[in-house]
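Asker: prediction below, plus the sequence it came from.
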Amino acid sequence: MEYSTVLDYAQQLKNLLTSHDQAVTQLNLLEGKIQQLDHYLFTADINGSHGYRKHLMIQKSTTLGIRKMYNQYREKKWNQIQELSTVIMKSANSTPSSPDSTPESSRRHTQSDNDPTVQSMTEDFCVFSRDC
């Protein structure tokens, strides 16, 4: 896999992860708003404020619709992330060896690839660099 292709994939993945994370943030905010509206509806029922209750029901209905839209958007981004990661993994596995690879460099790459410390540090970096 070429260096520029890796960078393109990385940028696409970063953008998708950012979009997904922002959608999750919005979903959490909407859940809080729905709980708040439920509390206000309960209070309006107790006080007998029918006009205010109707107003709150309209707000809740609108908020539920927006939550549904964000959830669909989040699912779409998650599916795109899964598809891109599959493409990246297939590209990484089918990459021919570089033309300047020699038995010495092959041995160096094999040693570092099999090192569990390097692998775990790489995985940790990938997990924690989502918001970079």
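Answerer: Nice, thanks for sending it over. None of these values were measured; they are calculated from a predicted model.
Asker: which secondary structure element contains Val24?
Answerer: If you go by DSSP states H and E, Val24 is part of helix 3-47.
Asker: number of residues surrounding Asn79?
Answerer: Using other CB atoms under 10 Å, the number of residues around Asn79 comes to 11. (C-beta placed from N, C-alpha, C; glycine too.)
Asker: can you give me phi and psi for it?
Answerer: Note on Asn79: its backbone torsions stand at phi -60, psi -40 [degrees, to the nearest 10].
Asker: what pLDDT is listed against it?
Answerer: pLDDT, Asn79: 96.
Asker: how close does it get to His50?
Answerer: 43 Å (CB to CB, to the nearest Å).
Asker: ok, Asp21 next?
Answerer: 41 Å.
Asker: these two - which one has more neighbours?
Answerer: Asp21 (14 against 10).
Asker: which ones are touching the closest residue to Val87 other than its chain neighbours?
Answerer: Of all residues not flanking Val87 in the chain, Tyr9 sits nearest, at 7.4 Å (CB to CB, 6 or more residues apart in numbering). Listed by CB atoms under 8 Å, 6 or more residues apart in numbering, the contact partners of Tyr9 are 84, 87-88, 91.
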